[in-house]
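*Asks:* output the structure for:
(one chain, ligands or ions: 1)
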Amino acid sequence: MKPAEKTPPVSGDAGKAAYALVIHGGAGVIRKENMSPEKEAAYTASLTAALKIGEEMLASGADALDVVEAVVKFLEDDSLFNAGKGAVLTADGHAELDASIMDGKTGMAGAVAGVKTVKHPIAAARKVMEASDHVMLSGAGADAFAGLQGLEIVPNDYFITEARKQQLEKEKAGIVQDGASNVIKKFGTVGAVALDREGHLAAATSTGGMTNKKYGRIGDSPIIGAGTYAADGIGAVSCTGHGEYFIREAVAYDLIARMKYGKQSIQVASDSIIFTELPKIGGTGGFIAMDAHGQIVMPFNTDGMFRGSVKAGEAPKVLIYQD
Ligand code: ASP
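*Replies:* Below you'll find the predicted structure:
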């Protein structure tokens, strides 16, 4: 479906970043005392490399949509994160992946849920957006569509790592991992939000979901308005956390609606959602978001969230804990 341009680019604003990028690698029980220096360095290096890829593209005038797709693809390939290779496992030991992408310029969106063989679920989500009449495809149909679109198809084993097998076994045995029992501890979802030189916004999210998930469970990540949203002139967001709560609160669109209709600043809106509304129902997690001026927020109500950002003229920043 050929998208029509909906919102003109925002330009000429004082204080507006020429371009900006913010990424996450999941929120959860991420404590310094549980992290080896080697692992911390590996996460930092990967997030820094992802920012570099995105910044080079943005600096040379790439479209925000291309940037968020490229950055998420890179993180899907890194088995450190719960997306693509290295995804968490279902109760029966498979990887079932969810992803979504939204273009703030056109208001178009695409998503896949429960896919098992497309190497880059985020690329499949984009194909759904651009080469189908639909917004979300699921399961075997989505994998078949991705193959027909020429995307790389891999056996499900490609996604499965030894570390995730062990994590599943511990989870099934009821062994408390990383010192946490009733808060989200299956972190590692990835996401990116970008503002390009033309003033366009885009957002993308990709995940393996939650360890030991059953019955074809789908989280917030592939749901437009829950895990991902982008609207030029307003803002864009990618979430991570306990998906059931993010779906019930429509977190991604709640942020946009507060800014669009309630005229709240991104900071006020984000703080209210993550520190007041989600905790009221027991929801844990966070998100990365940006307004139309490139102002970035990265709130989370867990111990940590792998995250990083870069703006034109500023050095890239990568953070993990509550610092
Ligand atoms: N939000 C994801 C889900 O519920 C998980 C995560 O972000 O870690 O599937």
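*Asks:* got a list of what E162 touches?
*Replies:* When contacts are counted by CB atoms under 8 Å, 6 or more residues apart in numbering, E162 touches no other residue. Using the backbone N, CA and C atoms, a C-beta is placed for each residue, glycine as well.
*Asks:* also A111?
*Replies:* So A111 contacts 98-101, 125, 128, 135-137, 222-224, 228 (CB under 8 Å, 6+ apart).
*Asks:* got a pLDDT number for it?
*Replies:* We have a pLDDT of 99 for A111.
*Asks:* can you check the one 5 residues further on too?
*Replies:* Confidence per residue is given as pLDDT, and for K116 that number is 98.
*Asks:* run a quick neighbour tally on it.
*Replies:* 19 (other CB atoms under 10 Å).
*Asks:* that one reaches A142, doesn't it?
*Replies:* No: in this structure, K116 is not within contact of A142 by CB atoms under 8 Å, at 9.2 Å.
*Asks:* between these two, what contacts are shared?
*Replies:* Common contact partners of K116 and A142 (CB under 8 Å, 6+ apart): none.
*Asks:* ok, V318 to the ligand distance?
*Replies:* V318 sits 18 Å away from the ligand, going by CB to the nearest ligand atom, to the nearest Å.
*Asks:* quick check: buried residues in the top helix by length along the chain?
*Replies:* Ranked by number of residues, the top helix in the chain under DSSP state H is helix 37-59. For helix 37-59, burial by neighbour count (16 or more other CB atoms under 10 Å) applies to 43, 46-47, 50-51, 53-55, 57-58.
*Asks:* looking at the residues you listed, which one is closest to the ligand?
*Replies:* Y43 (14.6 Å; CB to the nearest ligand atom).
*Asks:* ok, now which ones touch the closest one?
*Replies:* 25, 80, 306, 320.
*Asks:* circling back to that earlier point, the contacts of A111: which two are farthest apart?
*Replies:* L137 and T228 (15.4 Å; CB to CB).
*Asks:* more neighbours, these two?
*Replies:* With neighbours defined as other CB under 10 Å, L137 and T228 compare such that T228 has more, 33 against 24.
*Asks:* correct me, but the more buried one touches A203?
*Replies:* Yes: in this structure, T228 is within contact of A203 by CB under 8 Å, at 5.0 Å.
*Asks:* any shared contact partners between the two?
*Replies:* Common neighbours of T228 and A203, using CB under 8 Å, 6+ apart, are 101-102, 191, 237-238, 252.
*Asks:* from the residues you listed, pick the one nearest A163.
*Replies:* Closest to A163 out of these is G191 (21.2 Å), distances taken as CB to CB.
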